[in-house]
Every structure is written in C-alpha cells, then in structure tokens.
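Visitor: need coordinates for the following:
(one chain, ligands or ions: 1)
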Amino acid sequence: MATRLSYLAGFGNEFQSEALPGALPVGQNNPQVCPYNLYAEQLSGTSFTMPRRQNMRSWLYRIQPSVTSSPFRPSGRIDPDRFGTQFGKDEVECNQLRWRPMPFPKERTDFVSGLQTICGAGSPERKEGYAIHMYSANASMENTCFSSGDGDMLIVPEHGALTLTTEFGIMEVPPGEVCVVQCGIRFSVALPGGCARGYVLEVFGSHFILPDLGPVGANGLAAARDFQTPVAWYEDREVEFLVMHKLGGHVFESVQPFSPFNVVAWHGNYAPYKYDLAKFCPVNTVSFDHADPSIFTVLTCPSPWPGGVTADFVVFPPRWTVAEHSFRPPYFHRNVMSEFMGLIRGKYEAKKDGFLPGGASLHVCMSPHGPDTDTFESGTTKDSHKPERLPADSLAFMFEVNYIPKVKKSALMSECLDKAYQECWAGLQSHFNLSERPASNGKVSD
Ligand SMILES: [Fe+2]
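Guide: From the prediction side, this is the model:
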C-alpha cells in the first residue's frame, strides 16, 4: 500500500501515469511485446465512434489480463432486494419520504455488502436511468473487488473516510469529498476509520461532466483543476481474489488467482477521480430572491435532449446569504425533476430538525415540498437586510434526477423510514388577510 498518495490534476484530461519507469509503450498502444512484458488492455467508456470530444477510453498495462478468472456466476452474497438495480417489482411512491440515518452494522459488513438501494428508474440493460444507494459498513473489503457494468458510481461519504484501491491507483476520500468510479472499473474499499456511511448515485449509460457555465463565464462552481485522479499503483500478489461485478442490475462473482490491482501503467481519459467539495465556488443572488438550485451543480449527466439531464449532483455549501426583502430559505415548490437529498454534516437551512447527517429525503416529480413550519415562520419575520453566514459546518447535497424513481420495497420497509415526515408541514397556517393590501411598492394595480 502506498504511504503517500499522489494525484493528477484536471477533469477529463488525457492522463498518463506509470509506476515503473518506461512501463508505457512509446508511440503506440499495443506493441507486439509491451515493456516489462506487461499485457495491454483497453477499457472503453464510450462507443468507439463517439465524437472525439465525448470519446472516452484508457489503455492499461498489467501483469495479467482481466480475462483470467473463473466463470462468473450469480453472487449468493448479495440480497437483490437490498442491493440491485432492477426496479420492475418496485412501485412509484407519490408521498414525500424521509429516512433517518442507517445504523452501523453489528456484524462484519464491507462496502458492497453494506449497500442498500433506495430507489431508481430506467434500465441498466438499455443504458438509461440511474439508481440511488446508501451504505453503512464496518469492515474493509479484503481480497475482494467490485465493479459496476451498469454505470458510473458517484460516492458521497458522510461518515468515515474511504480508501479506494482501483485499477488506476489509490484514492483517499474523506467526508466532504466525493469520488467517481466509472462503469467497469474494479475497485476495493478499505475503511481506515473502522466505520463508514454515505450515499451513491449510479448513472446508467452516460458519464458525469462539468456543467456549462453560460453567463456565469469561464470561472466559478467546480473548477476542472481541482479534480484529482490517482497515479498508477500496482501489486503483484498471487491470491484467491473475489471479483464481484454488477451487470443488468444483478451481482455476479468470479475468482482470480491474482490481485486485479496489477496495472503498472496506464494512459487515457477514462479514469476515476475525486473532488473536495470545499473547493466549490458558489454563485448566488446579491440583490433579491432565491435562485434555483441548479446554481449549485457540481457534476451533471446530460440526457440526449439539449438542456436536459439524467442526473445532477448539487451541493449546498457554506456561504453568505444576502438577498434583501426576500424569503431566504428555499421556497415552496413542485418540480418536474425528482430530488433525493442527503446531509453530510450540520443542519440543512430548510429543515433544522429531523433531517439528520446520514439521513435522506426523497421528493418525487411534482411532489410539493419546501421549508418546514419553523423555517417558514422565521424566514418571514427575521431581518432580511443583514447578511447571514450559513454555518461553515453545514454541508447538504442533492441528487436531482429526471426519470421518476421507483422506491425499493426494502427502503419502504426500512426501520429508518420516518413515518412522521409530513408532520413537519402540518403547522403551516393560512395567513391570508385582506387588510394586508400591498402598499405603494406592490405590483398589483387598481
Ligand atoms: Fe426541492
């Protein structure tokens, strides 16, 4: 294991990295014999004929090729009702949902066995849609790796750092940072802190990109230079290694007689990365009203139609709120997009109570929601001419998704489901008063 981790800076670059000098072939991808007698293996992330701007692939130079393994068979270790991305047997849930944080397991549970699918939509076979998972684990994966053949996995730790050993190198991802491991890339998760909990957004058939900035200009939000991709790292170890692979929503497994983390060098633009959310540079109103949450988009998965998305990853970072004569908390709304929210730390501005770090909420397409009763009352009475700093220890996020999610039965049956969630709006009273007619600043004419 490397003692000090190194990273390559940038987003979507043509990277190259070698753990031994000269391990990368010069001038070609697959010479007759590779340096150090390594095997050349291409990993493609898009179809070969995609336009160059979107084309993604990497070349891996490894001690033994991935093909050397026992036949894959359905894994009996994973309960598909708990972790799986087939949603045919699940139902759409119209009501607002909220979950308390998952408890840490009492029995030995690693990252993969600690995954619970909450909801999702679409079809991994057709390469469209997404799944949202949460995890709670207390053990490192040992001589075991996982990959999703269905899509890219965006991992958002809430409790406990993750050390991801991937075919491309090693990443340390503490809470406050996120990482993406793309479709097909094998990785293993160690828990240096003993326990870990967090969230995963898996997108089928497309990849995360940085959002366009439009009138914001060339700078702001997440900067490409702040994304970090691990450098090549390998181990040459003969061991019975369990390879778990999800495909078509189901988990399969096989055994290899060596570690899959045997890539001595690689080059390409299809490689895992991580990002520190503290580096996100938010933009917002400096005059009045409350901007839409799209201003906080860190990463987006575009859909085939212009301007649409399969999924957005949106963060609500610490910041100043300065809007004058405005209701500053998030407004009441019904959105065409469905919203899954999580809390990494602190308190979320629209829900001071009940929405806890490690918990989650789901507001599906056109489901009405907004600030709870206490937040509404304080938002309409407090002095809105003073700048206010949203607490530095607060960090919430949202997976905003297009397709209407189906909620896993196991998530609806979970003991963490907050059956009293809707009561947070029960105290909202009518304040309608005919005598409160707008004064001269009102927009309504006689
Ligand atoms: Fe919302």
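Visitor: name the residues of the biggest helix by length in the chain that are buried.
Guide: Of all the elements of type helix in the chain, the one with the most residues (DSSP state H) is helix 373-381. The neighbour-count check on helix 373-381 (16 or more other Cβ atoms under 10 Å) flags 375-376, 379 as buried. All C-beta atoms are positioned from the backbone trio N, CA, C, and that covers glycine.
Visitor: just the pLDDT for the residue nearest to residue 388 when sequence neighbours are not counted.
Guide: Spatial nearest neighbour of residue 388, chain neighbours left out: residue 321 (5.1 Å); criterion: Cβ to Cβ, 6 or more residues apart in numbering. pLDDT recorded at residue 321 is 92.
Visitor: residues in contact with residue 321?
Guide: Residues near residue 321 by Cβ atoms under 8 Å, 6 or more residues apart in numbering: 284, 328, 387-390.
Visitor: coming back round to it: dump the buried residues of helix 373-381 to JSON lines, plus pLDDT.
Guide: Converted to JSON lines, the buried residues of helix 373-381 look like this (pLDDT from 0 to 100):
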{"residue": "375", "pLDDT": "89"}
{"residue": "376", "pLDDT": "91"}
{"residue": "379", "pLDDT": "90"}
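Visitor: need those in CSV (columns: distance to residue 33).
Guide: Output for the buried residues of helix 373-381, formatted as CSV (distance: Cβ to Cβ, whole Å):
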residue, distance to residue 33
375, 66
376, 70
379, 69
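Visitor: filter the contacts of residue 321 down to the buried ones, ChimeraX style.
Guide: To isolate the buried members of those in ChimeraX, using 16+ other Cβ under 10 Å:
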select :328,390
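Visitor: out of the contacts of residue 321, list just those in strands.
Guide: Applying DSSP state E to the contacts of residue 321, the entries found in strands are 388-389.
Visitor: so what does the residue nearest the centre of the chain have for phi and psi?
Guide: Most central in the chain under Cα atoms, centre = their mean is residue 154, positioned 3.1 Å from the mean C-alpha point. The phi and psi values for residue 154, taken as degrees, to the nearest 10, are phi -100, psi 120.
Visitor: hmm, it is touching residue 183, no?
Guide: No. Contact between residue 154 and residue 183 fails when scored by Cβ atoms under 8 Å: they sit 11.9 Å apart.
Visitor: ok, back up a step: which of the buried residues of helix 373-381 lies closest to residue 428?
Guide: The closest of these to residue 428 turns out to be residue 376 (Cβ to Cβ; 6.3 Å).
Visitor: any chance you could map the strands in the stretch 301-446 of the chain?
Guide: Along the stretch 301-446 of the chain, the segments classed as strands by DSSP state E, counting those that start in this stretch run 309-316, 320-321, 338-345, 360-363, 388-389, 395-401, 406-407.
Visitor: dump those into TSV; add distance to residue 10 as well.
Guide: TSV is the format used below for the strands of the stretch 301-446 of the chain (distance: least, Cβ to Cβ, whole Å):
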stretch	distance to residue 10
strand 309-316	19
strand 320-321	29
strand 338-345	25
strand 360-363	32
strand 388-389	32
strand 395-401	23
strand 406-407	37
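Visitor: out of these, nearest to residue 245?
Guide: Comparison of these against residue 245 by Cβ to Cβ identifies strand 309-316 as nearest, at 22.2 Å.
Visitor: tell me the buried residues in that closest one?
Guide: 309-316.
Visitor: min pLDDT across the residues you listed, which one?
Guide: Among the buried residues of strand 309-316, residue 309 carries the weakest pLDDT, at 90.
Visitor: wait, what's in contact with that one?
Guide: Residues near residue 309 by Cβ under 8 Å, 6+ apart: 300-303, 337, 400, 402.
Visitor: if you set the cut-off to 7 Å instead, what comes out?
Guide: If you count contacts by Cβ atoms under 7 Å, 6 or more residues apart in numbering, residue 309 has them with 300-303, 402.
Visitor: about what we covered before: so which of the buried residues of helix 373-381 comes closest to residue 235?
Guide: Using Cβ to Cβ, the buried residues of helix 373-381 come closest to residue 235 at residue 375, 50.9 Å.
Visitor: I'd guessed that closest one sits against residue 327; true?
Guide: No. Between residue 375 and residue 327 there is no contact under Cβ atoms under 7 Å: 9.9 Å.
Visitor: check which residues of the helix or strand harbouring residue 243 are buried.
Guide: According to DSSP states H and E, residue 243 maps onto strand 238-247. Judged by neighbour count using 16+ other Cβ under 10 Å, the buried positions of strand 238-247 are 241-247.
Visitor: please point out which parts of the helix or strand just after that strand sit buried.
Guide: Beyond strand 238-247 on the C-terminal side, the first helix or strand identified by DSSP H and E is strand 250-258. For strand 250-258, burial by neighbour count (16+ other Cβ under 10 Å) applies to 250-253, 256, 258.
Visitor: which among the contacts of residue 309 count as buried?
Guide: Buried members of these, counted by 16+ other Cβ under 10 Å: 300-302, 402.
Visitor: helix or strand: which one has residue 266?
Guide: strand 263-268.
Visitor: which SSE is immediately downstream of that strand?
Guide: Downstream of strand 263-268, the next assigned helix or strand under DSSP H and E is strand 273-276.
Visitor: what does that following strand contact?
Guide: With contact meaning Cβ under 7 Å, 6+ apart, strand 273-276 is reached by 171, 173, 176-180, 222, 226-229.
Visitor: how about stretch 220-227?
Guide: Stretch 220-227 has contacts (Cβ under 7 Å, 6+ apart) with 9-11, 210-211, 213, 273, 275-276, 279-281, 283, 297-298.
Visitor: swap in 10 Å and give it another go.
Guide: Residues outside stretch 220-227 that contact it (Cβ atoms under 10 Å, 6 or more residues apart in numbering) are 7-13, 179-180, 210-211, 213, 273-283, 295-299, 313, 315.
Visitor: quick check: mean pLDDT across it?
Guide: Across stretch 220-227, pLDDT averages out at 98.
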